[in-house]
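In: coordinates only, no sequence provided:
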């Protein structure tokens with residue numbers, strides 16, 4: 001995973017440049033490191049990459065049918081923080097909150113909270129259970145919340161949620177999958193690989209600022225490195241899933 005971090009790439013090139021005995025090669029490596037630094041620290045550039053990759057926003061008013069079930073993909077709670085007498089939400093919690101909105105508007109009948117602990121030997125509540133706790137505090141009928149507490153990745157989200165859907169819902173039920181916009185392509189492929197026709201509801205958009213912003217265009221940003229790391233990790237996951245036949 002660390003090999004997918006752009007900062008590792010730039011650092012490796014810089015170390016290579018220091019160690020090489022060839023002045024010509026050193027010059028080329030230094031130019032490459034500078035070029036990559038400029039690209040990976042450019043917030044404007046990575047924002048445009050997200051615009052290309054993310055699925056477009058779905059206006060709520062455009063949803064004309066009622067879904068039998070919405071699957072909320074996990075990955076937005078921190079199970080390691082203490083004390084564990086509360087739920088710690090992180091970026092991506094729109095996956096839960098926007099599903100709650102659709103539920104309140106009558107566009108979703110039931111919800112599947114999908115996500116295990118994701119931490120080896122972690123015996124406390126799973127992510128699905130914590131999401132259900134928050135939904136319960138929001139006065140959601142407990143009969144409308146279904147837990148899928150085994151999944152550790154996107155493939156298992158689709159596999160285990162699919163097993164629940166097959167048991168509890170009609171064959172041709174309407175399914176909505178809610179996840180971050182950058183993650184929608186891989187998630188949709190996984191569910192379709194399991195034999196389900198699903199609609200996607202993208203949330204947690206990383207693309208923003210459609211207007212020209214001089215600061216984000218010309219001033220290096222530490223946040224841009226994180227954004228590049230996330231999208232590169234997602235691309236790698238998408239390719240690996242395709243190669244393994246997961247989606």
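Out: Great, that's in hand. Everything quoted here is computed from the prediction, not taken from an experiment. Numbering: from 1, shown residues only.

In: rest of the way, CA atoms for contacts and neighbours
Out: OK.

In: which segments of the chain make up each domain?
Out: 2-54+210-244, 60-203 (automatic domain parsing).

In: redo these as JSON lines? Include mean pLDDT.
Out: Shown next, in JSON lines, are these (pLDDT from 0 to 100):
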{"stretch": "domain 2-54+210-244", "mean pLDDT": "92"}
{"stretch": "domain 60-203", "mean pLDDT": "93"}
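
In: for stretch 79-90, how far is the first residue from the last?
Out: Terminal residues of stretch 79-90 are spaced 11 Å apart (CA to CA, to the nearest Å).

In: count of neighbours near residue 102?
Out: Residue 102 has 17 neighbours, counted by other CA atoms under 10 Å.

In: that one reaches residue 110, doesn't it?
Out: No - using CA atoms under 8 Å, residue 102 is not in contact with residue 110, being 10.3 Å away.

In: which residues in the protein form strands?
Out: 67-73, 108-114, 145-148, 175-180, 198-203 (DSSP state E).

In: tell me what angle the fourth one forms with strand 198-203.
Out: Calculated by axes from the mean of the first three to the mean of the last three CA atoms, to 10 degrees, strand 175-180 forms an angle of 30 degrees with strand 198-203.

In: what packs against strand 175-180?
Out: strand 67-73, helix 94-104, strand 198-203 (3 or more CA pairs under 8 Å, 6 or more residues apart in numbering; DSSP states H and E).

In: most tightly surrounded among the ones you listed?
Out: strand 67-73 (a mean of 25; mean count of other CA atoms under 10 Å).

In: show me where the protein has helices.
Out: Under the criterion DSSP state H, helices of the chain are mapped to 6-19, 23-40, 43-53, 94-104, 127-137, 154-168, 184-193, 214-218, 222-244.

In: look up how far residue 207 lies from residue 176.
Out: 22 Å.

In: the two: which has the busier surroundings?
Out: Neighbour count, other CA under 10 Å: between residue 176 and residue 207, residue 176 has more, with 22 against 19.
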